[in-house]
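Colleague: what follows is a predicted structure for the sequence shown.
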Amino acid sequence: MPRAGGDPNRPRGKMTAYACFVKVCRDEHKKKHPDETVVFQEFSRKCAERWKTMSEAEKKRFKDMADEDSKRYDHEMQYYVPPPQFATDMKKKKKKKDPTAPKRALSAFFWYCADRRADVKKDNPDWTVGQIARELGKEWANVTPEVKGKYEAMAQKDKARYDRDMEAYRGGGGAAGGGGAYGGREWCSHSRADSGMLAPCVTGLSKKIAHRSEKQPIFVKGSN
């Protein structure tokens with residue numbers, strides 16, 4: 001499977017312990033629900049919740065997996081030689097946006113705009129998009145510390161969500177070289193004995209997915 005936006009022969013990037021954990025969760029879920037379409041954000045959230053409740057002893061197995069994958073990557077990189085024309089060719093190509101990639105985190109100002117834009121437009125129906133944007137900028141510059149703190153907290157929470165999703169996404173072969181958490185070559189192996197511990201991570205996912213819009217980004221499509 002070619003690396004998105006990179007040399008298809010370049011070794012896949014190192015997987016973190018969390019990415020290995022997500023891959024195991026994904027494999028267990030796919031095994032139990034082979035025909036189900038999985039929503040990336042919902043699955044990622046459940047994996048993150050389960051990871052937070054795990055003890056260091058439980059996480060150790062995945063850290064060991066990550067260590068092994070790191071050795072694999074270092075070994076393969078010793079023998080990797082990029083094609084001479086690759087760097088030049090990539091500069092000429094327009095980078096395509098991956099529709100399954102996590103949504104970028106919004107800044108505090110963008111969260112503020114999301115709350116205020118409709119009201120500003122309602123009060124000024126004849127204003128252009130540029131005029132509305134300038135007004136929102138003026139408002140933001142004069143909000144109280146309490147109001148600004150509210151939106152900064154929202155931005156920090158969204159940033160944490162984005163960082164978590166991107167870690168799993170990069171580990172799955174998306175973006176520039178990933179490991180295999182959601183597809184591609186499988187560097188981290190696991191046994192059937194893992195399923196008991198990982199059950200809380202995937203339990204209830206099917207019911208929630210049934211109510212999610214099909215337009216949302218997904219990272220796995222079940223077989224027909």
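Modeller: Here it is on my side, so go on.

Colleague: for the helix or strand containing residue 52, packing partners?
Modeller: For residue 52, the host element (DSSP states H and E) is helix 40-53. Helices and strands touching helix 40-53, as assessed by 3 or more Cβ pairs under 8 Å, 6 or more residues apart in numbering; DSSP states H and E, comprise helix 17-32, helix 145-170, helix 194-202, helix 205-209, strand 218-220. All C-beta atoms are positioned from the backbone trio N, CA, C, and that covers glycine.

Colleague: and the angle for the first one with helix 145-170?
Modeller: Compare the direction of helix 17-32 with that of helix 145-170 by axes from the mean of the first three to the mean of the last three Cα atoms, to 10 degrees and you get 70 degrees.

Colleague: any buried residues in the helix holding residue 52, and which?
Modeller: Across helix 40-53, burial judged by 16 or more other Cβ atoms under 10 Å covers 40-48, 50-51.

Colleague: likewise stretch 102-111?
Modeller: If you call a residue buried by 16+ other Cβ under 10 Å, then stretch 102-111 has these buried ones: 102, 105-106, 108-109, 111.

Colleague: among these, which are located in helices?
Modeller: Mapping those onto helices (DSSP state H) picks out 108-109, 111.

Colleague: which residue sits closest to residue 63, ignoring its sequence neighbours?
Modeller: Nearest residue to residue 63, sequence neighbours excluded (Cβ to Cβ, 6 or more residues apart in numbering): residue 17, at 4.3 Å.

Colleague: need the contact list for the one you found.
Modeller: Counting by Cβ atoms under 8 Å, 6 or more residues apart in numbering, residue 17 makes contact with 59, 62-63, 65-66.

Colleague: out of those, who's the most crowded?
Modeller: residue 62 (24 neighbours; other Cβ atoms under 10 Å).

Colleague: how close does it sit to residue 97?
Modeller: Residue 62 sits 30 Å away from residue 97, going by Cβ to Cβ, to the nearest Å.

Colleague: again with residue 29
Modeller: Distance from residue 29 to residue 97, by Cβ to Cβ: 26 Å.

Colleague: more neighbours, the two?
Modeller: Between residue 29 and residue 97, counted using other Cβ under 10 Å, residue 29 has the larger neighbour count: 24 against 7.
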